[in-house]
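Engineer: return a 3D structure for these sequence lines:
(one chain, ligands or ions: 1)
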Amino acid sequence: MNNQDISPNSESAIGVFDSGIGGLTVVKALMERLPHENIIYFGDTARVPYGVKSKKTIQLFTQQITEFLLQKNVKALVVACNTISAVALNTVKKLAHNIPVIDVISAGASEALKVTNNNQIGVIATSTTVNSNAYARAIANYNINARVISKACSLLVPLIEEGWLNNEITRLTVREYLKPVLAENIDTLILGCTHYPLLKPMIQTEVGSDISLIDSAITVAKTIANELEQKKLLNHDDSLPDYQFYVSDIPLKFQTIGEQFLGRTLEHIERQILG
Ligand code: DGL
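Structural biologist: From the prediction side, this is the model:
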């Protein structure tokens, strides 16, 4: 039987996906905000990074991941990757039909507008996300007067995956990338890549306490909590939630890095090849 024939209910899992392990920062925020929810995560670790790939390729990979999660009868889909949200969100929405789809860009853009006082918003992200102009478009949708200053920070994902979270080279790299953004009068900075929350303390020190950081992981968790409540899909079952992690490859150091992102032990990991 096709699982899509069975309607998801409140006990169905939330499907979360990313190009790799970065989306685990979103899973961490979801676990904290919605401790009764079952979660199924897919990370495309065999094909990461997406941030440097073409739109067509990202859309094809996104279609495969979405179909995989829909077969698991998820009740909502969380696009925990800025790059996918920037160039392939419609692919997810078309396949999801009436299942709620929450993406990091819409959530981050609306939160930034709630926080900013001067409508000058900085965004740091991967090259694909910056080149897509997705944040600027999402922000303009809500407020045409807001100004967005974006900067692609291509070296940050590899530095974070190397585990260099408290490292001088990473600090200097962050400082260099932030220079043009801080030269503008921003009061809010969006961490536009799901890897970046791991550098939050360092970035906050670099930008100073007058600039508010928008962590899309926290914002997405808030948004999905509201959406599920409205749709009466919150799980009120008191038993321990079930967490399943699927990845397309289990590379060296995966466990260590994954646990840094998740902030707890990473169990029940299964390899799932798509396509
Ligand atoms: N997780 C991706 C994002 O949020 C970054 C990693 C990649 O390039 O695939 O944009």
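Engineer: where's residue 148, which helix or strand?
Structural biologist: Assessed by DSSP states H and E, residue 148 sits inside strand 147-152.
Engineer: quick one: mean pLDDT for that strand?
Structural biologist: For strand 147-152, the per-residue pLDDT values average out at 97.
Engineer: same question for stretch 38-53.
Structural biologist: Stretch 38-53 shows a mean pLDDT of 92.
Engineer: contact partners for the closest residue to residue 84 other than its chain neighbours?
Structural biologist: For residue 84, ignoring the flanking residues on the chain, the nearest one in space by C-beta to C-beta, 6 or more residues apart in numbering is residue 62 at 5.4 Å. Where C-beta positions appear, they are placed from N, C-alpha and C, glycine not excepted. Taking C-beta atoms under 8 Å, 6 or more residues apart in numbering, we find residue 62 in contact with 84, 88, 91-92.
Engineer: would residue 62 count as being in a strand?
Structural biologist: No: according to DSSP: H, G, I helix; E, B strand; the rest coil, residue 62 belongs to no strand; its state is helix.
Engineer: now do the helix or strand of the chain with the lowest mean pLDDT: which elements does it pack against?
Structural biologist: Lowest on mean pLDDT, DSSP states H and E among the helices and strands of the chain sits helix 254-262, with a mean of 87. Packing partners of helix 254-262 (3 or more C-beta pairs under 8 Å, 6 or more residues apart in numbering; DSSP states H and E): helix 24-33, strand 269-271.
Engineer: to the ligand, which of the ones you listed lies closest?
Structural biologist: Proximity to the ligand (C-beta to the nearest ligand atom) singles out helix 24-33 among the helices and strands packed on helix 254-262, at 9.0 Å.
Engineer: what about the closest residue to residue 118 other than its chain neighbours, how many residues close to it?
Structural biologist: If the residues on either side of it in the chain are set aside, residue 118 comes closest to residue 187, at 5.1 Å by C-beta to C-beta, 6+ apart. Residues contacting residue 187 under the criterion other C-beta atoms under 10 Å number 16.
Engineer: over to residue 187: give its phi and psi.
Structural biologist: For residue 187, the backbone dihedrals (degrees, to the nearest 10) come out as phi -120, psi 0.
Engineer: need the pLDDT of it.
Structural biologist: Residue 187 is assigned a pLDDT of 98 by the prediction.
Engineer: shouldn't it be in contact with residue 117?
Structural biologist: Yes: in this structure, residue 187 is within contact of residue 117 by C-beta atoms under 8 Å, at 5.7 Å.
Engineer: just checking: what are the partner strands of the strand holding residue 148?
Structural biologist: With DSSP bridges as the test, strand 147-152 is paired with strand 120-125 (parallel).
Engineer: extract the CA atoms of the partner strand and return them as PDB.
Structural biologist: C-alpha atoms of strand 120-125 as PDB (Å, rounded to 0.1, in the frame of the first residue of the first chain):
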ATOM      1  CA  GLN A 120      18.700  47.200   8.100                       C
ATOM      2  CA  ILE A 121      19.200  43.400   8.100                       C
ATOM      3  CA  GLY A 122      22.400  41.500   7.400                       C
ATOM      4  CA  VAL A 123      22.400  37.900   6.100                       C
ATOM      5  CA  ILE A 124      25.300  35.500   6.100                       C
ATOM      6  CA  ALA A 125      24.900  32.300   4.100                       C
END
